[in-house]
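**Student:** Structure here, sequence nowhere to be found:
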């Protein structure tokens, strides 16, 4: 769609005249546009691209419906406020939320602020999971994902274990990690999961949690997966997030399950780290903790 046509379409969808429409960002599957209206309100428009680098679990319309339903049931959730959704072109718009990504904000935070942010994230996941009942989630069309690993993940794992260019120490460690993960299967329990809470999908404003965006991979599955990215990105702090979740929700999680799943999720990245440095920090950390 030409920008001029897109400009007109978004104006009509917002029911507001626009001062400007500019490309704000590009994801793996979508373009993000920033719309500034004549009354100085800001909106972000998430538009599906025809050619994508990968496929998200939910299309944009399903993602928009889920966010709208969650916001309708719990207006205090730190999630986008969706104002329109469109099938053709496939897009949805939501009110702009001021803030920096957690990646950019984290180095500027004092220790107390980091701890408060961790607690807010734990409570966010607890609230997210209690906002909609399972039947309402499935009714929306969200995937009911009971699988432990998909075929691609298993292939990645087998390639790592069979790669003789990786030291025997780390190949044996991954086998050991997989064994520990399998031993925790009884701890799994399913709830609605955002399923992609990496530090670029979390917005922080004035040291507080402002918004969690991008529900493209949300599903109904094992809660432990919600916390794997925190272990990958913030290994010194992830347990504070988990503890806040446990306190707020009343559900105890297997920290071993989270840690082992986090490493099994990214075996290709771990292999790349090994070839770059000869070490794998996350595996070494895990083994030293035991």
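**Tutor:** In hand now; what should we look at? These figures come from a predicted structure and were not determined experimentally.

**Student:** quick one: terminal-to-terminal distance for stretch 262-269?
**Tutor:** From its first residue to its last, stretch 262-269 covers 11 Å (C-alpha to C-alpha, to the nearest Å).

**Student:** show me what contacts the residue nearest the centre of the chain?
**Tutor:** With distances taken as C-alpha atoms, centre = their mean, the residue of the chain nearest its centroid is residue 196 (1.7 Å). Neighbouring residues of residue 196 by C-beta atoms under 8 Å, 6 or more residues apart in numbering: 214-218, 229. In short, each C-beta sits where N, CA and C put it, glycine included.

**Student:** And it, how far from residue 168?
**Tutor:** 34 Å (C-beta to C-beta, to the nearest Å).

**Student:** how about low-confidence regions in the stretch 151-290 of the chain?
**Tutor:** Counting by pLDDT under 70, the stretch 151-290 of the chain contains no low-confidence residues.

**Student:** Can you show me the helices along it?
**Tutor:** Secondary structure of the stretch 151-290 of the chain (DSSP state H, counting those that start in this stretch): helices at 151-162, 168-183, 228-233, 238-249, 255-265, 267-277, 281-289.

**Student:** Counting neighbours, which bits of the last one end up buried?
**Tutor:** Counting neighbours by 16 or more other C-beta atoms under 10 Å, one finds that the buried residues in helix 281-289 are 282-283, 286.

**Student:** what about that helix, distance to the chain center?
**Tutor:** Relative to the chain's own centre, helix 281-289 is displaced by 24 Å; criterion: C-alpha atoms, centre = their mean, to the nearest Å.

**Student:** can you give me the angle it makes with helix 168-183?
**Tutor:** Counting by axes from the mean of the first three to the mean of the last three C-alpha atoms, to 10 degrees, helix 281-289 lies at 70 degrees to helix 168-183.

**Student:** now what about helix 281-289, what contacts it?
**Tutor:** Counting by C-beta under 8 Å, 6+ apart, 170, 173-174, 177, 231-232, 235, 259-260, 262-263, 270, 273 sit against helix 281-289.

**Student:** cutoff 10 Å now
**Tutor:** Residues from elsewhere that reach helix 281-289 (C-beta atoms under 10 Å, 6 or more residues apart in numbering): 169-170, 173-174, 176-177, 180, 231-232, 235-236, 255-256, 259-260, 262-263, 266, 269-270, 273-274, 280.

**Student:** and those residues, which are buried?
**Tutor:** For the contacts of helix 281-289, a burial check counting by 16+ other C-beta under 10 Å picks out 170, 173-174, 177, 180, 231-232, 235, 255-256, 259-260, 262-263, 266, 270, 273-274, 280.

**Student:** Please name every helix or strand in contact with the lengthiest helix in the chain.
**Tutor:** Counting residues, the longest helix found in the chain (DSSP state H) is helix 111-131. Here helix 111-131 touches helix 60-73, helix 102-105, strand 190-193, strand 202-205, strand 208-212, helix 228-233, helix 238-249, going by 3 or more C-beta pairs under 10 Å, 6 or more residues apart in numbering; DSSP states H and E.

**Student:** how does it look with 7 Å?
**Tutor:** If you count contacts as 3 or more C-beta pairs under 7 Å, 6 or more residues apart in numbering; DSSP states H and E, helix 111-131 packs onto strand 190-193, strand 208-212, helix 238-249.

**Student:** Could you double-check that residue 199 sits in contact with residue 233?
**Tutor:** Yes. With contact defined as C-beta atoms under 7 Å, residue 199 counts as touching residue 233 (5.3 Å).

**Student:** burial measure for residue 226, as a count.
**Tutor:** Each residue near residue 226 was counted by other C-beta atoms under 10 Å, and the total is 27.

**Student:** Let me see the contact set for it.
**Tutor:** Residue 226 sits next to 125, 193-194, 197 when contact means C-beta atoms under 7 Å, 6 or more residues apart in numbering.

**Student:** Tell me how far it lies from residue 196.
**Tutor:** Distance from residue 226 to residue 196, counting by C-beta to C-beta: 10 Å.
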